[in-house]
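**Student:** Have a look; sequence and predicted model below, questions after that.
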Amino acid sequence: MAITQNFKEQALKQIINRREKAEFIAEQIKTELSNKIPEFYNLMNEQKANTTSLLDAIIHGADIDTINNIKNNFAVLKEKQSKLLISNGYPEDLLEPKYECNICNDTGIAENGKECICLKKIRNRLRYSAYCKEFPLDEHSFDSFSLEYYKGEKECAKMQSVLNSCKEYALNFNGSMKNLLLCGGTGLGKTHLSLSIANNIISKGYNVLYNSAQNFLNAIQQETFGKSYSNVTENVLNCDLLILDDLGVEFSTQFSVSNVYNIINTRLINKRSTIINTNLSIEEIEEKY
């Protein structure tokens, strides 16, 4: 887990690329229409001239009436453009860039000056992919969780109840502390359900990490003894939701036991949410830790 990336910077690059692509497509459409419709070509030239006039007026300190007249002309030209598009069978917003996010128009910054939710989602998915690449999210959702694998009416009803609880957990997650312990043997669906929770919560803009307890402990050990600088300890302790998979399978040493305690205890103190998947029973957990 030698993670050194600046996830916010990477996320911003993705958003800027989206914005540039939308604006490039809009410019292509303008060029095509200018070639097809002579009136549109003339109108585009008028708009460019009007923009130049506005810049000149501002630079040379023109009076407010002059500037307002130029701005009013923008509105007149905009209306002409809309009517021209409609009369030629096009939607009037055809020339507007089609940004993926209508909150920030693919800038990453919302109107209040804070990070847009789209930036948070991309950044958190990048972070997740870097730390948790062994557990891809794309293949796991509540919709793809099938109860057909569970035999018998009682077992099926029990798993339906577990599925409903996991859905409710994801639906109501708001960043405040809420923990889950998923116990049971191999192949019962603990990983699928917890990955489905992770998928839902990341889509809300929260920071989620998911990995086996052994992988996290290995990374923390390397970081502790100066063999890596991945900030994994800080991320494990402070992410909005930590999912520890296969707790109890890791090699049992003084280091592992003390760090499992530190992770869970620190997150409880800081009111951070944690989900633990384990094949152990409650009694076995008590005995091991």
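**Tutor:** Looks like it arrived, so ask away.
**Student:** pretty sure residue 131 contacts residue 215?
**Tutor:** No: Residue 131 lies out of contact with residue 215 (C-beta atoms under 8 Å); the separation is 9.1 Å. C-betas here are computed from N, CA, C, even on glycine.
**Student:** neighbour-wise, which of these two wins?
**Tutor:** In this view residue 131 and residue 215 are compared by other C-beta atoms under 10 Å, and residue 131 has more residues nearby, 24 against 20.
**Student:** Grab the nearest non-local neighbour of that one.
**Tutor:** Once flanking residues are discounted, residue 131 sits nearest to residue 209: 5.5 Å by C-beta to C-beta, 6 or more residues apart in numbering.
**Student:** can you check residue 18 too?
**Tutor:** The shortest distance from residue 18 to any non-neighbouring residue, by C-beta to C-beta, 6+ apart, is to residue 106 (4.7 Å).
**Student:** Need the three-state assignment for that neighbour.
**Tutor:** What DSSP: H, G, I helix; E, B strand; the rest coil gives for residue 106 is coil.
**Student:** List phi and psi for it.
**Tutor:** Dihedral pair for residue 106: phi 60, psi 50, per degrees, to the nearest 10.
**Student:** That one contacts residue 14, correct?
**Tutor:** No: counting by C-beta under 8 Å, residue 106 sits too far from residue 14 to count as a contact (9.5 Å).
**Student:** Compare these two (neighbour count), which wins?
**Tutor:** Between residue 106 and residue 14, counted using other C-beta under 10 Å, the more crowded position is residue 106 (24 against 17).
**Student:** Can you give me the separation between that one and residue 283?
**Tutor:** 53 Å (C-beta to C-beta, to the nearest Å).
**Student:** cool, residue 146 as well?
**Tutor:** Relative to residue 283, residue 146 is positioned 31 Å away (C-beta to C-beta).
**Student:** Does anything pack onto the longest helix that the chain contains? Which helices or strands?
**Tutor:** When the chain is parsed with DSSP state H, its longest helix is helix 7-36. Contact partners of helix 7-36 among helices and strands, from 3 or more C-beta pairs under 8 Å, 6 or more residues apart in numbering; DSSP states H and E: helix 38-59, helix 117-131.
**Student:** Can you pull the poorly scored residue ranges out of this structure?
**Tutor:** Applying pLDDT under 70 to the chain picks out residues 1-5, 227-230.
**Student:** Look up how far residue 89 lies from residue 288.
**Tutor:** Going from residue 288 to residue 89 by C-beta to C-beta gives 71 Å.
**Student:** Show me which of those two is the more surrounded one.
**Tutor:** Neighbours were counted for residue 288 and for residue 89 using other C-beta under 10 Å; residue 288 has more, 14 against 6.
**Student:** was I right about the more buried one contacting residue 280?
**Tutor:** Yes: counting by C-beta under 8 Å, residue 280 is a contact partner of residue 288 at 6.7 Å.
**Student:** what's the overlap in contacts for these two?
**Tutor:** Taking C-beta atoms under 8 Å, 6 or more residues apart in numbering as the criterion, residue 288 and residue 280 both touch residue 248.
**Student:** what packs against whichever helix or strand residue 171 is part of?
**Tutor:** Using DSSP states H and E, residue 171 falls within helix 153-172. With contacts taken as 3+ C-beta pairs under 8 Å, 6+ apart, helix 153-172 sits against strand 180-183, helix 190-202.
**Student:** quick one, the longest one and helix 117-131 angle?
**Tutor:** So the one you mean is helix 190-202. 150 degrees (axes from the mean of the first three to the mean of the last three C-alpha atoms, to 10 degrees).
**Student:** which parts of stretch 36-45 are buried?
**Tutor:** Buried residues in stretch 36-45, counted by 16 or more other C-beta atoms under 10 Å: 37, 40, 43-44.
**Student:** Identify the residues contacting that stretch?
**Tutor:** Here stretch 36-45 makes contact (C-beta under 8 Å, 6+ apart) with 30, 33-35, 77, 80-81, 84, 88.
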